[in-house]
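Chemist: Need the 3D shape of this:
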Amino acid sequence: MRIHEVLAAESIATAGTKVIDLNLSDLVSRITICVKGTNNNAVPTAHPAEIVSKIELVDGSDVLFSLSGKEAQALNFYETGEMPTVNLEFRNAVMCFAAFHINLGRFLWDPKLALDPARFSNLQLKITHNKAAGGSTPSAGELAVFAELMDKTEASPTGFLMAKEIQSYGLVSSAHEYITLPTDYMYRKLMIKSLFSGKQPWEQYNKVKLSIDNDRVVLLNNLRTTDLLKFMSVKKDFVEFIMGTGTGSAADVYCTPAMDIACAQGTLEAALSAANVIKQAYGGVINILSESAKGYQLIVTGKCPHGALDIPFGDQMNPDSWLKMDKVGNLKFDITAGSSVGASSTCEIVSQQLRAYK
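Modeler: Next up is the predicted model:
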């Protein structure tokens, strides 16, 4: 077991897509993408995960993994119960940071599920990035990629976990969206994600129905998102830290949780006059009023990373209990939007499936 540097840190001064040939021979348990951005001011632009808009792992035209940066981080949390490393730094001339994992097994160093490069002919990793899209309008950025590898004598994988965005659609208040899901591979989990400033997840996607073969089997019977978020999968809050500089007026500061957000605040200044007032905290955004040019810090807790709801199937460590597709004709979502969704907002459907080697 070893860590391999796939791409040494390099500048991403110009927005674009980095294509990396994966000339690997050992089994791949996990791939990690890391981005940094050097902030060019103190006015937050967006969450640092926005620097990466798309991550793809492909074999020629065959797509093995395809998620946005935020989708990948949300999936990472629901896979492990912990967020990947994120440095929510919005001060001028300081670096923000975000990491994204492609987990190819149930856990790191999984001997039964991993990517075997020998079974593919043209493995490539494609990362679409824009350094100025996250943090505080960064003027410089870096990209690095690492792979955690296993010797084939130590593991005999029967397949790997494949994750993709199945569909993205525009939300219409109170409307139903009917989505036909692929039935090619068994499902370990599905994920619904929608994030809009000032909105809680249930205000975006309010009810969820998931059924097989035209309601022959109903897995989720038009259940409320507020209930599902309370008892499905990972229920604990996660904690993160935010550093910023006040502007003297109210400003949006970006965080990862979208629900049950709580903040403990402090000042980075010696002056007693420095003050922070938290006005609102919903939808991945904390609206904070802070004295001009005074540094502040926040400890943030909450749930529902990037507005995502996890729908796991069976024991997540036991593939025999996952949702099998061999006797399924169709698998469909019926998602009802909230009564007042964010303007021009979207909802994304993400799948994680077991792709067995033939």
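Chemist: what comes up buried for the longest helix along the chain?
Modeler: The longest helix of the chain (DSSP state H) is helix 69-80. Within helix 69-80, the residues that qualify as buried are 69, 70, 71, 72, 73, 74, 75, 76, 77, 78, 79, counting by 16 or more other CB atoms under 10 Å. C-beta here means a position set from N, CA and C on the backbone, and glycine is covered the same way.
Chemist: Can you add distance to residue 342 and pLDDT and give those back as JSON lines?
Modeler: What follows is the buried residues of helix 69-80, written out as JSON lines (distance: CB to CB, whole Å; pLDDT from 0 to 100):
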{"residue": "69", "distance to residue 342": "20", "pLDDT": "98"}
{"residue": "70", "distance to residue 342": "15", "pLDDT": "98"}
{"residue": "71", "distance to residue 342": "18", "pLDDT": "98"}
{"residue": "72", "distance to residue 342": "22", "pLDDT": "98"}
{"residue": "73", "distance to residue 342": "20", "pLDDT": "98"}
{"residue": "74", "distance to residue 342": "18", "pLDDT": "98"}
{"residue": "75", "distance to residue 342": "22", "pLDDT": "98"}
{"residue": "76", "distance to residue 342": "24", "pLDDT": "98"}
{"residue": "77", "distance to residue 342": "22", "pLDDT": "96"}
{"residue": "78", "distance to residue 342": "23", "pLDDT": "96"}
{"residue": "79", "distance to residue 342": "27", "pLDDT": "96"}
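Chemist: In JSON lines, list these along with distance to residue 96.
Modeler: Output for these, formatted as JSON lines (distance: CB to CB, whole Å):
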{"residue": "69", "distance to residue 96": "12"}
{"residue": "70", "distance to residue 96": "14"}
{"residue": "71", "distance to residue 96": "19"}
{"residue": "72", "distance to residue 96": "17"}
{"residue": "73", "distance to residue 96": "14"}
{"residue": "74", "distance to residue 96": "18"}
{"residue": "75", "distance to residue 96": "21"}
{"residue": "76", "distance to residue 96": "18"}
{"residue": "77", "distance to residue 96": "19"}
{"residue": "78", "distance to residue 96": "23"}
{"residue": "79", "distance to residue 96": "23"}
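Chemist: Let me know the closest of those residues to residue 216.
Modeler: When those are ranked by distance to residue 216 (CB to CB), residue 78 comes first, at 27.6 Å.
Chemist: Now do the same contact list for the closest residue in space to the closest one that isn't next to it in sequence.
Modeler: Distances taken as CB to CB, 6 or more residues apart in numbering place residue 310 nearest to residue 78, at 3.9 Å, with adjacent residues excluded. By CB atoms under 8 Å, 6 or more residues apart in numbering, the residues touching residue 310 are 78, 189, 191, 232, 233, 234.
Chemist: For the buried ones among those residues, write the corresponding PyMOL selection.
Modeler: In PyMOL, a selection of the buried entries from the contacts of residue 310 looks like this (16+ other CB under 10 Å):
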select buried, resi 78+189+191+232+233+234
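Chemist: out of the contacts of residue 310, which are inside helices?
Modeler: Applying DSSP H to these, the entries found in helices are residue 78.
Chemist: least confident pick among the contacts of residue 310?
Modeler: Ranked by pLDDT, those bottom out at residue 233, which has 69.
Chemist: Can I get the longest helix of the chain in CSV? Just the C-alpha atoms.
Modeler: Extracted in CSV, the C-alpha atoms of helix 69-80 (Å, rounded to 0.1, in the frame of the first residue of the first chain):
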residue,chain,number,x,y,z
GLY,A,69,-16.6,19.3,-6.8
LYS,A,70,-19.6,19.9,-4.5
GLU,A,71,-21.2,16.6,-5.4
ALA,A,72,-18.0,14.7,-4.8
GLN,A,73,-17.6,16.3,-1.3
ALA,A,74,-21.1,15.6,-0.3
LEU,A,75,-20.8,11.9,-1.4
ASN,A,76,-17.5,11.7,0.5
PHE,A,77,-19.2,12.7,3.7
TYR,A,78,-22.0,10.2,3.3
GLU,A,79,-19.4,7.5,2.5
THR,A,80,-17.2,8.0,5.5
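Chemist: Residue 135 versus residue 147, what's the distance?
Modeler: Between residue 147 and residue 135 the distance is 26 Å, computed by CB to CB, to the nearest Å.
Chemist: and if you look at residue 76?
Modeler: Distance from residue 76 to residue 135, by CB to CB: 20 Å.
Chemist: what's the helix or strand containing residue 145 packed up against?
Modeler: Residue 145 is part of strand 140-150, with elements assigned from DSSP states H and E. Packed against strand 140-150, as judged by 3 or more CB pairs under 8 Å, 6 or more residues apart in numbering; DSSP states H and E, are the following elements: strand 2-11, strand 27-38, strand 123-129.
Chemist: Of all the ones you listed, which one is nearest residue 292?
Modeler: Across the helices and strands packed on strand 140-150, residue 292 has its closest neighbour in strand 27-38 (22.3 Å, CB to CB).
Chemist: The helix or strand following that closest one pairs with which strands, parallel or anti?
Modeler: With elements assigned by DSSP H and E, the helix or strand that comes after strand 27-38 is strand 52-59. Here strand 52-59 has these sheet partners by DSSP bridges: strand 62-67 (antiparallel), strand 123-129 (antiparallel).
Chemist: May I have the phi/psi pair for residue 201?
Modeler: Main-chain dihedrals, residue 201, degrees, to the nearest 10: phi -50, psi -40.
Chemist: State the distance from it to residue 50.
Modeler: For residue 201, the distance to residue 50 - CB to CB - is 18 Å.
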